[in-house]
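Visitor: Here is the input, now give the coordinates:
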Amino acid sequence: MPIESGKKAPEFELQDENGEVRRLSDYLGKPVVLYFYPKDDTPGCTTEACSFRDGYGEYQRNGMVILGISPDSPKSHKKFKEKYALPFTLLADTDHQVCEAYQVWGRKKFMGREYDGVFRTTFVIDKEGMIRKVFENVKPEGHAQEVLSALA
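Guide: Numbering: from 1, shown residues only. Have a look, this model is predicted:
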């Protein structure tokens, strides 16, 4: 189970797609949509990322920051971001410590195979760094609009 709303969002320090270190505290004063996804350039993750890209203008109008996190490397993120013209920051959690801190890392099953991975989850974090909304078991199609609707 991911961290629930009403809790302080765990601080983190991760490299972005350019190798620059980003911290959650860098965004204090702005609401943040923090979405965890399994892997760059896979069908569901591409759908989800492009959904956030397509709604990006509306998020900006609402003063919100979008951050995507997966276990992929900064190099992989850079390629993914460029390929799909993603206008927001992607963060590399290569040792999945941030995924674990947000409780979105664990045993998964796919096509009869078990493995450890990211549970697709989105957190809405307010200006003070508190988790205000959690979306679990996210379906990639239309998710960005679902998040915007919940914030309206």
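Visitor: going forward, measure contacts and count neighbours with C-alpha atoms only.
Guide: OK.
Visitor: Could you find the closest non-adjacent residue to the residue sitting nearest the centre point of the chain?
Guide: For the chain, the residue nearest the mean C-alpha position is Tyr35 (1.8 Å; C-alpha atoms, centre = their mean). Distances taken as C-alpha to C-alpha, 6 or more residues apart in numbering place Thr122 nearest to Tyr35, at 4.2 Å, with adjacent residues excluded.
Visitor: which residues touch that neighbour?
Guide: Neighbour list for Thr122: Val33, Leu34, Tyr35, Phe36, Val134, Phe135, Glu136, Val138 [criterion: C-alpha atoms under 8 Å, 6 or more residues apart in numbering].
Visitor: Now Gly29. Nearest residue, chain neighbours left out?
Guide: That would be Lys127: by C-alpha to C-alpha, 6+ apart, it lies 4.3 Å from Gly29.
Visitor: Below-threshold pLDDT in the protein: ranges please.
Guide: 1, 152 (pLDDT under 70).
Visitor: Strands of the protein, start to end?
Guide: 13-16, 21-23, 32-36, 65-70, 89-92, 105-110, 113-118, 121-125, 131-135 (DSSP state E).
Visitor: Pull up the pairing partners for the last one, direction included.
Guide: Which is strand 131-135. If you go by DSSP bridges, strand 131-135 pairs up with strand 121-125 (antiparallel).
Visitor: Would you mind getting the angle between the strand it pairs with and strand 32-36?
Guide: 160 degrees (axes from the mean of the first three to the mean of the last three C-alpha atoms, to 10 degrees).
Visitor: Do a quick rundown of the helices in this structure.
Guide: 43-54, 56-61, 74-83, 97-101, 143-151 (DSSP state H).
Visitor: which stretch among these comes nearest Gly19?
Guide: The minimum distance between Gly19 and the helices of the chain falls on helix 74-83, with 6.0 Å, by C-alpha to C-alpha.
Visitor: Pull out the buried residues from the closest one.
Guide: Pro74, Ser76, His77, Lys78, Phe80, Lys81 (16 or more other C-alpha atoms under 10 Å).
Visitor: Please apply the same query to stretch 101-108.
Guide: For stretch 101-108, by 16+ other C-alpha under 10 Å, it's Tyr102, Gln103, Val104, Trp105.
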